[in-house]
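1. The following comprises the amino acid sequence and a computationally predicted model.
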Amino acid sequence: MSIPKPLLPTAGVPLLEHQLARAAAAGVRHVVFATAYRAEMFAESFGSGGRFGLEITYVTEDVPLGTGGAIRNASSALRSGPDDPVFILNGDIISGHDMAAQLAAHEKADAAVTLHLTTVEDPRRYGSVLTDAHGRVEAFIEKSPTPVTDQVNAGCYIFRRGVIDEIPAGRPVSVEYELFPKFLAESAPVLGHVDPAYWLDVGTPAAFVQCCCDLTLGRVQSPALPVQGVPALVAEGSVVAPDARVEGGSTIGAGVLVASAAVIDASVVMDGAVIAEDARVTRSVVGRGVKIGPGVVVEDAIVGDEAVIEAGNELRGGIRIWPRSVISGTSVRFSSDM
């Protein structure tokens, strides 16, 4: 699937649209997109931002500048004064945290930077952030087998505008490996705002599927969705047979056909796909225009756009099928640890 991750349809709208809607609800009015890969697709998707009550400006990197370099590059489009707060959000995060409360904490502490921190069950997968009793950041600890805290960087920052202007321009800069350690070395006031609300890093196919299901089921609220807390979202123009089952927070794109006795559970089925009779799709992504044959089992799998999976096949265990592939044969089982 050849679209940038932030534009993947997530519970029926682009992933990034959930962040735009939340930012607008928190009082943000001007958004600057720092784009690189297939930058034109972002403008095609979101335009001027008027439908969100926002004004969107697009700034493109000619060469990759890293997390900090991208912020510095995009700052040319900011209109805020040197002491004004600027929200910076990663494009592949879904969060239910209170942005207004984070801003209030930032202003009360007169912080240079305020990070949204969340707590996770297994912090070994992330860089941990150690704070003192007043919430001031003491250390950034990269992935460790023995983390000293379960607090991790959740990908939503507030920078004082003047701090952004101090980031070196025209070269790659890392927020995590260069900027934050520099701030601590200089004793700059860096605050960690802990909010344990729903948070998910949509960095893997399994996390993407979970994100779509959680949004549909209402486990995390999004102003971008008119309906939540339902077993499934089915787009207009799709046809689901009366005896088919679509459940578990599944999302069905436009023009999809789900035939008799088929089951779609906790999965994402994109526009124009055909799910034949007695097929079963579980915890999987089915791309645009895919044809899933009768009786096929797709479980924990990714099926690329316009692929054809003929009758009798089983795709399980993380298998990924390339776009426009044809999987034929009878009772062929594909599995992978990917």
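-> Nice, thanks for sending it over.

2. Helices along the stretch 151-300 of the chain, start to end?
-> Along the stretch 151-300 of the chain, the stretches classed as helices by DSSP state H, counting those that start in this stretch are 161-165, 180-185, 205-217.

3. most tightly surrounded among those?
-> helix 205-217 (a mean of 21; mean count of other Cβ atoms under 10 Å). (Glycine included, C-beta is placed from N, CA and C.)

4. thought I71 was touching A34?
-> Yes - using Cβ atoms under 8 Å, I71 makes contact with A34 at a distance of 6.9 Å.

5. Give me the common contacts of the two.
-> Counting by Cβ atoms under 8 Å, 6 or more residues apart in numbering, I71 and A34 have no contacts in common.

6. With adjacent residues omitted, what lies nearest to M99?
-> Counting by Cβ to Cβ, 6 or more residues apart in numbering, M99 lies nearest to A26, which is 3.9 Å off, once chain neighbours are set aside.

7. State the distance from that neighbour to P82.
-> Distance of A26 to P82, computed by Cβ to Cβ, to the nearest Å: 22 Å.

8. got it, and A261?
-> Note on A261: its distance to P82, by Cβ to Cβ, is 64 Å.

9. Between those two, tell me which one has more neighbours.
-> Higher neighbour count among A261 and P82: A261, with 16 against 10, using other Cβ atoms under 10 Å.

10. Quick check: the one residue sitting closest to the centre of the chain vs T60, distance?
-> What sits nearest the mean C-alpha location of the chain, by Cα atoms, centre = their mean, is D92, with 3.1 Å. Relative to T60, D92 is positioned 18 Å away (Cβ to Cβ).

11. With K5 instead?
-> Distance of K5 to T60, computed by Cβ to Cβ: 17 Å.

12. which residues touch A100?
-> When contacts are counted by Cβ under 8 Å, 6+ apart, A100 touches A26, G27.

13. at 6 Å what do you get?
-> Shown in contact with A100 (Cβ atoms under 6 Å, 6 or more residues apart in numbering): A26.

14. That one belongs to a helix, doesn't it?
-> Yes - assessed by DSSP: H, G, I helix; E, B strand; the rest coil, A100 belongs to a helix.

15. Distance of it relative to I321?
-> Distance from A100 to I321, by Cβ to Cβ: 43 Å.

16. Hmm, R72 is touching A169, no?
-> Yes - with contacts counted by Cβ atoms under 6 Å, R72 reaches A169, the gap being 5.3 Å.

17. isn't E306 right next to R324, touching?
-> Yes - contact criterion Cβ under 6 Å: E306 and R324 qualify, at 4.8 Å.

18. who has more neighbours, these two?
-> More crowded of E306 and R324, by other Cβ under 10 Å: E306, with 16 against 13.

19. Report how many residues lie close to the residue nearest to the more buried one when sequence neighbours are not counted.
-> Of all residues not flanking E306 in the chain, G289 sits nearest, at 4.3 Å (Cβ to Cβ, 6+ apart). G289 has 19 neighbours, counted by other Cβ under 10 Å.
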